[in-house]
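Chemist: this one's structure only:
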């Protein structure tokens with residue numbers, strides 16, 4: 001059974017950086033999309049960054065372009081989200097999801113438990 005485990009969330013000041021990790025067990029994910037979503041308090045979940053593992057093709061939300069970068073290590077079955085120049089509005093629970101399409105939340109079947117990112121001004 002496919003399982004996703006996120007890590008790397010923390011509390012940081014605005015302008016800081018974090019790297020989130022998502023490790024997948026049970027994945028044969030060369031042909032998967034893997035994506036990071038986030039949910040701020042009182043808001044819906046939004047797609048932040050997605051990556052097609054086989055090709056490395058990526059997609060980003062406009063709000064994070066130029067600041068966030070998604071990458072993968074196929075040998076480690078891991079996907080990372082490097083977040084730079086963090087802003088308070090980046091605060092939220094960050095979720096890793098697999099086997100969906102792009103940044104379309106409703107297409108993803110597998111989700112991790114989330115890791116909290118808090119950015120203070």
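Modeler: Okay, I see it. Everything numeric here is computed off the predicted structure, so don't read it as measured data. Numbering: from 1, shown residues only.
Chemist: Name the SS class of residue 95, please.
Modeler: Classification of residue 95 using DSSP: H, G, I helix; E, B strand; the rest coil returns strand.
Chemist: That one pairs with what?
Modeler: Taking DSSP bridges as the rule, residue 95 bridges to residue 37.
Chemist: Quick check: it vs residue 48, distance?
Modeler: The gap separating residue 95 from residue 48 is 9 Å, by CB to CB, to the nearest Å. Heads up, the C-betas are built off the backbone N, CA and C, glycines and all.
Chemist: list residues touching both of those two?
Modeler: Here residue 95 and residue 48 have 36-38 as joint contacts, going by CB atoms under 8 Å, 6 or more residues apart in numbering.
Chemist: out of these, who's nearest residue 71?
Modeler: Closest approach between the shared contacts of residue 95 and residue 48 and residue 71, by CB to CB: residue 36, at 11.3 Å.
Chemist: and the closest one, how many neighbours?
Modeler: 28 (other CB atoms under 10 Å).
Chemist: Could you do residue 81 as well?
Modeler: For residue 81, using other CB under 10 Å, the count is 26.
Chemist: and it, bridged to which residues?
Modeler: residue 20, residue 70.
Chemist: Pretty sure it sits against residue 69.
Modeler: Yes - the pair residue 81 / residue 69 is scored as a contact, 7.5 Å apart, by CB atoms under 8 Å.
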